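> Could you work out the structure for the sequence below:
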Amino acid sequence: MECIFCKIADRTLSAEILYENDKVISILDIHPIHHGHALVFPKVHCKDFLSIPEGDLHDVLHASQIVARALVSSLDLEGYNIFSNNGRIAGQSVFHFHMHITPRYPNDNIRFVLDLKSYSRGVIEEYGRKIRTHIRP
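I've put the predicted structure just below:
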């Protein structure tokens, strides 16, 4: 398998490991937004958020909280971002589901540039109906 995260999980590729249990591993990103930028991913391969089994997702989120808590206390952070890119168009470059936890600092010049939209009359209800027909608990 050519997946870099699978190679890290099975120890055929080295990484700076922050946290690990039998299901999840967390490492420092080698191309960080800020030093301390961590990645958290399941040891089992799944390409994105929609393909991760529910139990593994729970494990990734729990590990993300553990690592975020460690980042906040060790780096004396006032804030951090947690995010996941899913799909090439969303910026995913490694197609193995993972969460990013990146430290934030005052005046760090990191901006999420958004072009916020609004709904015209009746359109929000239309989107709501369309999406609800595809909800599968």
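> Skip the chain neighbours and tell me the closest residue to L50.
Spatial nearest neighbour of L50, chain neighbours left out: N86 (7.3 Å); criterion: Cβ to Cβ, 6 or more residues apart in numbering. For glycine as for every other residue, the C-beta is placed from the backbone atoms N, C-alpha and C.
> how about the helices in the protein?
Ranges of helices in the chain, per DSSP state H, are 4-9, 54-75, 123-132.
> what's the most buried one of these?
Comparing these by mean neighbour count (mean count of other Cβ atoms under 10 Å), helix 4-9 ranks first with a mean of 18.
> hey, C-alpha coordinates of that helix in CSV?
Only the C-alpha atoms of helix 4-9 are listed here, as CSV (Å, rounded to 0.1, in the frame of the first residue of the first chain):
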residue,chain,number,x,y,z
ILE,A,4,1.9,7.4,3.9
PHE,A,5,-0.3,7.2,7.0
CYS,A,6,-0.7,3.5,6.8
LYS,A,7,3.1,3.2,6.6
ILE,A,8,3.5,5.4,9.7
ALA,A,9,0.9,3.3,11.5
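> for it, packing partners?
strand 24-28, strand 38-42 (3 or more Cβ pairs under 8 Å, 6 or more residues apart in numbering; DSSP states H and E).
> Now do the buried residues in the first one.
Buried residues in strand 24-28, counted by 16 or more other Cβ atoms under 10 Å: 24-27.
> Take these and lay them out in CSV including distance to S51 and pLDDT.
Formatted as CSV, the buried residues of strand 24-28 follow (distance: Cβ to Cβ, whole Å; pLDDT from 0 to 100):
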residue, distance to S51, pLDDT
V24, 16, 97
I25, 18, 98
S26, 20, 97
I27, 21, 96
